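A.B. asks: fold the following.
(chains A and B)
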Protein chains: 2
Amino acid sequence: MTGWVKVAGLGPGDAAMVTDQVRAALDAATDVVGYIPYVARVTERPGLTLHPSDNRVELDRANHALDMAAAGRRVVVVSSGDPGVFAMAAALFEALEDRPAPEAFDIEILPGITAMLAAAARLGAPLGHDFCAINLSDNLKPWALIEKRLRLAAQGGFAMAFYNPRAASRPGRFEEVLKILRQELADDVLISFARAVTTPEERLLTVRLDEATADMADMRTMVIVGNADTRQVGRWIYSPRRAE
Amino acid sequence: MTGWVKVAGLGPGDAAMVTDQVRAALDAATDVVGYIPYVARVTERPGLTLHPSDNRVELDRANHALDMAAAGRRVVVVSSGDPGVFAMAAALFEALEDRPAPEAFDIEILPGITAMLAAAARLGAPLGHDFCAINLSDNLKPWALIEKRLRLAAQGGFAMAFYNPRAASRPGRFEEVLKILRQELADDVLISFARAVTTPEERLLTVRLDEATADMADMRTMVIVGNADTRQVGRWIYSPRRAE
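C.D. replies: Residues are numbered from 1 along each chain as shown, chains lettered A, B, ... in the order given. Predicted structure coming up:
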């Protein structure tokens, strides 16, 4: 097989946060597949075919990429942020599992700046101590598992980064998340809402947990919950390295 | 104040994983401070003073950077990986807390590709489902807290990424980590040891938890523990997006 698939992270939005490695892959590609708004971030050029697709068709997209690679094409699957964090890399390997000869494929995962770390950098250093990353979407896992993880993470004193805070199947789920957190954590724990970080639409908001409301998050928002020691210094939020 | 401090992530080692944003900061700097091996990754040029320092002097280094910024210098504090993950960003804000006018400082945190995501990309997508990042060093937190977090993360079905697996104050601690994990998780859970990823010394090893030994990790190793569904496809390790 002379074709290949590279699953590449485009970072949070700012072109200055794309790595050379990812740019080189895009320069060498014949085809780019991905979710419509992410493919829109790739510069068009002769010899490059863009294949934008809708949300929630991750497996179709992965199979399309594998089929094109098997036909000799050089394919970049683009994700926002990092492809390994709630993005296309896992979907590609799920598709690969159904192929008779997975070893025949030339695959590479190219990391990017994931949303939680871009958000953390804009806020300060809220993830400077032990933390968990949780996808709040209940499309692919039961709500009870999300609730269990929220409670255990809170009991462990982990800071938490939430992806897809408003993607749950029912509106009102994020309100439940806040309720669970309030049962497990002190009222004055800091919670940050970082929307569309590094883009012109960026908006940062940090409040106490007892002041947080569900409408502070939308689909473009990363939510970061501090631990008991997370604090403000000037306009910054950070979690000290030390803990008792 | 005309000086500034930017805390920048150099990524895991490969120069192709440094962002343009970080390179631009280094080009504009008058001074670079950081741990000796990280400063060694910065290209020397006229007008740039390098200030390498030893390990475990993070607060001194942060104060040095703030003092130089107050004197009008343009200072980049370099971290390996991402500065917000068990690195210099939190230390800088700790130092900033002791300053009478923290708002007077011009500070920016520039994210990088953190070690766990570089390691995950080389392995496949082991962090493609909910996960925790835990610093196993007990320099700044009690061992009992690390043990508690390991148990809760395991009980929550989180994948786990361990930084500093061999940094604990006593040799033998990582052996204890493996023992705790074996008490909480099934024998066939996959554990990956990713050493010096993206450098010429890179070495990847994945075994079952009951086959893991402490000598598989050293100070340059990221350890990634899968969840109950983490599996192999070809030479890749990945965690499916779906969970029950």
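
A.B. asks: name the helices or strands packed onto whichever strand or helix holds residue A:161?
C.D. replies: With elements taken from DSSP states H and E, the one containing residue A:161 is strand A:159-163. Helices and strands touching strand A:159-163, as assessed by 3 or more Cβ pairs under 8 Å, 6 or more residues apart in numbering or on different chains; DSSP states H and E, comprise helix A:115-123, strand A:131-135, helix A:143-155, strand A:221-225. In short, each C-beta sits where N, CA and C put it, glycine included.

A.B. asks: need these in TSV with distance to chain B and mean pLDDT, can you?
C.D. replies: Below are these laid out as TSV (distance: least, Cβ to the nearest Cβ, whole Å; pLDDT from 0 to 100):
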stretch	distance to chain B	mean pLDDT
helix A:115-123	4	98
strand A:131-135	5	98
helix A:143-155	4	98
strand A:221-225	11	98
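
A.B. asks: can I get these in TSV with distance to residue B:100?
C.D. replies: Formatted as TSV, those follow (distance: least, Cβ to Cβ, whole Å):
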stretch	distance to residue B:100
helix A:115-123	23
strand A:131-135	31
helix A:143-155	35
strand A:221-225	28
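
A.B. asks: flag the shaky bits of chain A, pLDDT-wise.
C.D. replies: A:168-169 (pLDDT under 70).

A.B. asks: how about the helices in chain A?
C.D. replies: Assigned by DSSP state H, chain A shows helices spanning A:20-28, A:36-39, A:58-70, A:88-97, A:115-123, A:143-155, A:173-184.

A.B. asks: give me whichever of these is most buried.
C.D. replies: Neighbour counts (mean count of other Cβ atoms under 10 Å in any protein chain shown) averaged over each of the helices of chain A peak at helix A:115-123, with a mean of 28.

A.B. asks: please name the residues that touch residue A:236.
C.D. replies: If a contact means Cβ atoms under 8 Å, 6 or more residues apart in numbering or on different chains, then residue A:236 has A:123-125, B:93, B:96, B:102, B:107 as its contacts.

A.B. asks: that one pairs with what?
C.D. replies: Beta bridges link residue A:236 to residue A:233, judged by DSSP bridges.

A.B. asks: break chain A into its domains for me.
C.D. replies: A:4-113, A:116-238 (automatic domain parsing).

A.B. asks: tell me which of these sits nearest to residue B:192.
C.D. replies: Residue B:192 sits nearest to domain A:4-113 of all those, at 12.8 Å, using Cβ to Cβ.

A.B. asks: start to end distance for the closest one?
C.D. replies: 23 Å (Cα to Cα, to the nearest Å).

A.B. asks: thought residue A:4 was touching residue A:70?
C.D. replies: No: using Cβ atoms under 8 Å, residue A:4 makes no contact with residue A:70, being 10.4 Å away.

A.B. asks: find residues that contact each of these two.
C.D. replies: Common contacts of residue A:4 and residue A:70 (Cβ under 8 Å, 6+ apart): residue A:105.

A.B. asks: which residues does the residue lying closest to residue A:221 once chain neighbours are set aside contact?
C.D. replies: Closest residue to residue A:221 apart from its sequence neighbours, by Cβ to Cβ, 6 or more residues apart in numbering or on different chains: residue A:195 at 4.5 Å. Residue A:195 makes contact with A:201-205, A:218, A:220-222, according to Cβ under 8 Å, 6+ apart.

A.B. asks: same question for residue A:208.
C.D. replies: Contacts of residue A:208 by Cβ under 8 Å, 6+ apart are A:187-191.

A.B. asks: could you check how far it is from residue A:100?
C.D. replies: Separation of residue A:208 from residue A:100 (Cβ to Cβ, to the nearest Å): 55 Å.

A.B. asks: about what we covered before: which of the contacts of residue A:208 fall within strands?
C.D. replies: A:190-191 (DSSP state E).

A.B. asks: tell me the one of the contacts of residue A:208 nearest residue B:80?
C.D. replies: Among these, residue A:190 lies closest to residue B:80 (Cβ to Cβ), at 27.2 Å.

A.B. asks: can you report phi and psi for the residue nearest to that closest one when sequence neighbours are not counted?
C.D. replies: Leaving aside its sequence neighbours, residue A:190 sits nearest to residue A:226 (Cβ to Cβ, 6+ apart; 4.2 Å). Dihedral pair for residue A:226: phi -80, psi 170, per degrees, to the nearest 10.

A.B. asks: how many residues are close by residue A:226?
C.D. replies: For residue A:226, the neighbour count with other Cβ atoms under 10 Å in any protein chain shown is 26.

A.B. asks: got it, and the one 3 residues further on?
C.D. replies: Using other Cβ under 10 Å, residue A:229 has 17 other residues around it.

A.B. asks: what does the one 3 residues further on give?
C.D. replies: Using other Cβ under 10 Å as the criterion, residue A:232 is surrounded by 16 other residues.

A.B. asks: again, but for the one 5 residues further on
C.D. replies: Applying other Cβ under 10 Å, we find 25 other residues in the vicinity of residue A:237.

A.B. asks: likewise for residue A:6?
C.D. replies: 24.

A.B. asks: I'd say it and residue A:75 touch.
C.D. replies: Yes: counting by Cβ under 8 Å, residue A:6 does reach residue A:75; the two are 7.4 Å apart.

A.B. asks: common neighbours of the two, please.
C.D. replies: When contacts are counted by Cβ under 8 Å, 6+ apart, residue A:6 and residue A:75 are jointly contacted by residue A:29.

A.B. asks: list the contacts for the closest residue to residue A:158 other than its chain neighbours?
C.D. replies: Excluding the flanking residues, the one nearest residue A:158 by Cβ to Cβ, 6+ apart is residue A:132, at 4.7 Å. Taking Cβ under 8 Å, 6+ apart as the criterion, residue A:132 is in contact with A:149, A:153, A:158-161, B:130-133, B:153, B:158.

A.B. asks: redo these as CSV? Include distance to residue B:28.
C.D. replies: Output for those, formatted as CSV (distance: Cβ to Cβ, whole Å):
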residue, distance to residue B:28
A:149, 42
A:153, 39
A:158, 36
A:159, 31
A:160, 35
A:161, 30
B:130, 39
B:131, 35
B:132, 36
B:133, 31
B:153, 40
B:158, 40
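
A.B. asks: pick the one among these closest to residue A:181.
C.D. replies: Closest to residue A:181, out of all of these and judged by Cβ to Cβ, is residue A:160, at 8.4 Å.

A.B. asks: for that closest one, which non-adjacent residue is spatially closest?
C.D. replies: Of all residues not flanking residue A:160 in the chain, residue A:225 sits nearest, at 4.3 Å (Cβ to Cβ, 6+ apart).

A.B. asks: please verify my assumption that residue A:159 contacts residue A:127.
C.D. replies: Yes: Residue A:159 is in contact with residue A:127 according to Cβ under 8 Å; the separation is 5.7 Å.

A.B. asks: burial measure for residue A:170, as a count.
C.D. replies: 9.

A.B. asks: quick revisit: I figured the residue nearest to residue A:190 hits residue A:237, correct?
C.D. replies: Yes: the pair residue A:226 and residue A:237 passes the contact test of Cβ under 8 Å, sitting 6.9 Å apart.

A.B. asks: shared neighbours of the two, anything?
C.D. replies: A:126, A:190, A:192.

A.B. asks: dump the residue contacts of the last one.
C.D. replies: By that I understand residue A:192. Taking Cβ under 8 Å, 6+ apart as the contact definition, residue A:192 lies against A:119, A:123, A:126, A:204-206, A:223-226, A:237.

A.B. asks: now swap in residue A:108 and tell me
C.D. replies: Contacts of residue A:108 (Cβ under 8 Å, 6+ apart): A:4-7, A:25.
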